[in-house]
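[1] Whatever this is, show me its structure:
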Amino acid sequence: MIKTIKTVMISSLLVMSSNSFACDVEGKTGFLPDNDMYIGVSEKADNGMTEEIFNAVIDRVENYYSSVVASKGANLVTLRKWEDGTVNAYANQVGKTWQVHMFGGLARHRSVSPDGFALVMCHELGHHLAGAPKTTRMWIPTWASNEGQSDYWASMKCFRSVYGSDNNEAIVSNMTIDAEVVKKCEANWNTDSEIALCKRVSQASKGLATLLNGDRPVDFATPDKSVVSKTNHKHPAGQCRLDTYFHGALCTKDITDETSNTDAKAGVCNRSEDYTDGVRPLCWFKPSNF
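    Next comes the predicted model:
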């Protein structure tokens, strides 16, 4: 009887997880922790965001990843909520429909550039595609990659895949690039185009991390020194998230080297492979002999 009850409980839990939300699988938070920010459609966007740019960014990422999701036996649906002033984003799965919810309020926030908005969509796709480590419920892994892994995959795989064919050298020539980004990208990548793409995705993450840090400054040169005793599946602090995006940009693993839902070492830069840059930061990730 006890075994039967346990089986029913586990089955119910798995059903709830498959139809739940991420950034947290209970649907309580999104890309950002719960907040009361709201930037209505009538408010002028300080970052120059327009509905046309909002849709163009979503189109670009969606067009690349629709076929990837289809190869997993699912259908990608992006809900474009331009008129909703919510400053957040989230993902969910309902059966074989994998959804991403993108809000106009987030897109209009002064700290979110078009590249930053693309990185948010990559983060939400990461909940579906980034692999282990997964969030857990009652110690059982859910469908959703956790927050840190989704950040890491967003810059390591997604942004590079979607925007790698751009003339990134020309694009970054018109940008102000942090000195630490210049130093690290040039040290880890070989070609001018690879270096430029690394700089572009890194800078895209700074505005997001500032927002995630409660509009307090973050800095590529002052990484979070905290070390977790176990992997944190929830939202890391803003500086830690900047570090994660930055290391994702510095990871030189091929973008076609896929991550795994069960093997956290697959497709990423691991300490056991003598990587120092490009690894998941210890401020949220607890390595297990790698």
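[2] burial of the closest residue to Leu282 other than its chain neighbours, as a residue count?
    Once flanking residues are discounted, Leu282 sits nearest to Val227: 4.6 Å by Cβ to Cβ, 6 or more residues apart in numbering. For glycine as for every other residue, the C-beta is placed from the backbone atoms N, C-alpha and C. As a burial measure, Val227 scores 11 neighbours (other Cβ atoms under 10 Å).
[3] Make sure Val227 is actually in contact with Cys283.
    Yes - with contact defined as Cβ atoms under 8 Å, Val227 and Cys283 form a contacting pair (7.1 Å).
[4] Could you check how far the closest residue to Ala237 other than its chain neighbours is from Ala264?
    Nearest residue to Ala237, sequence neighbours excluded (Cβ to Cβ, 6+ apart): Asp224, at 6.3 Å. Taking Cβ to Cβ, to the nearest Å as the measure, Asp224 falls 20 Å from Ala264.
[5] Also Ala74?
    For Ala74 relative to Ala264 (Cβ to Cβ), the value is 22 Å.
[6] Between these two, which is the more surrounded one?
    Taking neighbours as other Cβ under 10 Å, Ala74 and Ala264 compare with Ala264 leading, 21 against 15.
[7] for that one, what are its contacts?
    Contact partners of Ala264, counting by Cβ atoms under 8 Å, 6 or more residues apart in numbering, are 131-133, 288, 290.
[8] if we go to 7 Å?
    132-133 (Cβ atoms under 7 Å, 6 or more residues apart in numbering).
[9] go on, Arg80?
    Contact analysis of Arg80 by Cβ under 7 Å, 6+ apart lists 55, 58, 102.
[10] Tell me, how many residues neighbour the first one?
    The burial count assigned to Asn55 is 16, neighbours taken as other Cβ under 10 Å.
[11] Any idea which helix or strand in the chain has the lowest mean pLDDT?
    helix 2-18 (a mean of 37; mean pLDDT, DSSP states H and E).
[12] Let's verify Val100: helix, strand, or coil?
    strand (DSSP: H, G, I helix; E, B strand; the rest coil).
[13] Could you check how far it is from Lys206?
    23 Å.
[14] Of these two, which one has the most company?
    Val100 (26 against 21).
[15] Help me confirm that the more buried one comes into contact with Glu124.
    Yes - counting by Cβ atoms under 7 Å, Val100 touches Glu124, with 4.4 Å between them.
[16] joint contacts of those two?
    Counting by Cβ under 7 Å, 6+ apart, the residues touching both Val100 and Glu124 are Ala91.
[17] show me the residues around the most centrally placed residue in the chain that make contact.
    Nearest residue to the geometric centre of the chain (Cα atoms, centre = their mean): His123, 2.4 Å. Residues in contact with His123 (Cβ under 7 Å, 6+ apart) are 31, 150-151, 154.
[18] now do 10 Å
    22-23, 30-31, 89, 91, 100, 130, 145, 147, 149-155, 158-159, 205, 208, 241, 245 (Cβ atoms under 10 Å, 6 or more residues apart in numbering).
[19] how far is the helix or strand containing it from where the chain is centred?
    Element membership for His123 (DSSP states H and E) is helix 114-129. Mean-position distance between helix 114-129 and its chain equals 5 Å (Cα atoms, centre = their mean, to the nearest Å).
[20] start at 30 instead
    In the new count, where the first residue is 30, that last one comes out as helix 143-158.
[21] Can I get that helix in CSV, CA atoms only?
    Output of helix 143-158 as CSV, limited to C-alpha atoms (Å, rounded to 0.1, in the frame of the first residue of the first chain):
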residue,chain,number,x,y,z
PRO,A,143,18.2,44.4,-28.3
ASP,A,144,21.1,42.0,-27.9
GLY,A,145,20.2,41.7,-24.2
PHE,A,146,16.6,40.9,-25.1
ALA,A,147,17.9,38.2,-27.4
LEU,A,148,20.0,36.8,-24.6
VAL,A,149,16.8,36.7,-22.4
MET,A,150,15.0,34.7,-25.0
CYS,A,151,18.1,32.4,-25.3
HIS,A,152,17.9,32.0,-21.5
GLU,A,153,14.2,30.9,-21.7
LEU,A,154,15.0,28.5,-24.5
GLY,A,155,17.8,27.3,-22.3
HIS,A,156,15.2,26.0,-19.8
HIS,A,157,14.1,23.6,-22.6
LEU,A,158,17.5,22.9,-24.2
